[in-house]
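In: how does the following fold in three dimensions:
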Amino acid sequence: MRPIIALTGDALETPSPILNENHADFAPRDIKTAIIKAGGLPIILPFPDDVSLAAELAQAAVATFDGLLLPGGPDVDPTLYGEEPSPSIGSTEYPKDRFEQALIRATVAAGKPIMAICRGMQILNVTLGGTLYQDLVSQDPDVSIRHAQAAPGQYPTHHVSIQPGTQLANLLGERAYVNSRHHEAVKRVAPGLQVVATAPDGVIEALADQQDRQIMAVQWHPENLWQQDAAELRLFALLVKRAKAYAAQQALGSMVS
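Out: Numbering: from 1, shown residues only. Have a look, this model is predicted:
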């Protein structure tokens, strides 16, 4: 059976051209397609507008899926890591942040696998105790390449170096050519996470848990690359593989008990 992969949703800022409503919930089509291609069954989890319900709904949701995928999206609210918003920060979505934080905590506690993309890596790092650069160009003096690419998003624009011996290196090798659509980035790495890839200027491009078994987070967008670079689909395949193993383990446990 296909393991169920939960994909957190976003909300349109303008009225939907199809549905007769404002702020329609949605998720990236390319991620949905990649999950299916990799052997998973995607479900979309919209965030509640009422942040007081975030923890309750996240706890209820975590029982319904085998793996969690956190996609890209708006900037992370800096008050969640103890800072006020800088003049260069982009749009934020506080209810989405709080729901994803609750989902991350519940998923980590349950031992279920997580994959995170771009903003997903950032909210993951913040939730587990790390911080961010709100704006790389104005806050990181070592930045020397363009991380918010001007090229169309499906094209790679810079290389990343990957730590040898890691799961990411097993999938992509020790050097990969990736796309780059972000102006925020990981600053202080959260306890329990390790850096597994960096850009030529030192910007953190990928994180994993210390055991390299549960969490895979990348700063680039593999959902826009795998159609031309088959290796990028392996990231989604790893999530599906881990989710399938988790589901099988739970089923075995149920049979034994």
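In: now do the helices in the stretch 101-250 of the chain.
Out: Counting by DSSP state H, counting those that start in this stretch, the stretch 101-250 of the chain has helices at residues 119-127, 136-139, 167-172, 233-256.
In: tell me which of these lies nearest to Gly82.
Out: Closest approach to Gly82 among those (CB to CB): helix 119-127, 9.9 Å. Heads up, the C-betas are built off the backbone N, CA and C, glycines and all.
In: what is that closest one packed up against?
Out: With contacts taken as 3 or more CB pairs under 8 Å, 6 or more residues apart in numbering; DSSP states H and E, helix 119-127 sits against strand 67-70, helix 94-110, strand 114-117, strand 132-133, strand 185-186, strand 204-209, strand 215-218.
In: make it 6 Å
Out: Contact partners of helix 119-127 among helices and strands, from 3 or more CB pairs under 6 Å, 6 or more residues apart in numbering; DSSP states H and E: helix 94-110.
In: and the helix it packs on, what's buried?
Out: Within helix 94-110, the residues scored as buried using 16 or more other CB atoms under 10 Å are 95-108.
In: how far does that helix sit from its chain's centre?
Out: 12 Å (CA atoms, centre = their mean, to the nearest Å).
In: go on, stretch 175-183?
Out: That offset, for stretch 175-183, works out to 14 Å (CA atoms, centre = their mean).
In: swap in stretch 33-49?
Out: Offset of stretch 33-49 from its chain centre (CA atoms, centre = their mean): 12 Å.
In: now the end-to-end length of that stretch.
Out: End-to-end distance for stretch 33-49: 27 Å, by CA to CA, to the nearest Å.
In: and that stretch, which residues are buried?
Out: 34-35, 38-43, 45-48.
In: which of these sit farthest apart?
Out: Maximum pairwise distance among those (CB to CB): 30.0 Å, between Gly39 and Pro48.
In: so which elements touch the lowest-mean-pLDDT helix or strand in the chain?
Out: In the chain, no helix or strand scores lower on mean pLDDT, DSSP states H and E than strand 25-26, which sits at a mean of 77. Contact partners of strand 25-26 among helices and strands, from 3+ CB pairs under 6 Å, 6+ apart: none.
In: please redo it, this time with the cut-off set to 10 Å
Out: strand 10-11, strand 41-45 (3 or more CB pairs under 10 Å, 6 or more residues apart in numbering; DSSP states H and E).
In: and the next helix or strand past it?
Out: helix 29-37 (DSSP states H and E).
In: between that following helix and helix 119-127, how big is the angle?
Out: 90 degrees (axes from the mean of the first three to the mean of the last three CA atoms, to 10 degrees).
In: now Ala38. Nearest residue, chain neighbours left out?
Out: Computed as CB to CB, 6 or more residues apart in numbering, the closest residue to Ala38 that is not its neighbour in sequence is Phe236, at 4.0 Å.
In: right, I mislabeled it, should have said Arg188
Out: Thr131 (4.4 Å).
In: what about the most centrally placed residue in the chain, distance to Ala251?
Out: Centroid check for the chain by CA atoms, centre = their mean gives Ala116 as the closest residue, at 1.9 Å. Distance from Ala116 to Ala251, counting by CB to CB, to the nearest Å: 26 Å.
In: would you turn the buried residues of helix 94-110 into CSV with distance to Arg2?
Out: Listed next are these as CSV, based on distance: CB to CB, whole Å:
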residue, distance to Arg2
Pro95, 30
Lys96, 26
Asp97, 29
Arg98, 30
Phe99, 25
Glu100, 23
Gln101, 27
Ala102, 25
Leu103, 20
Ile104, 23
Arg105, 26
Ala106, 22
Thr107, 18
Val108, 23
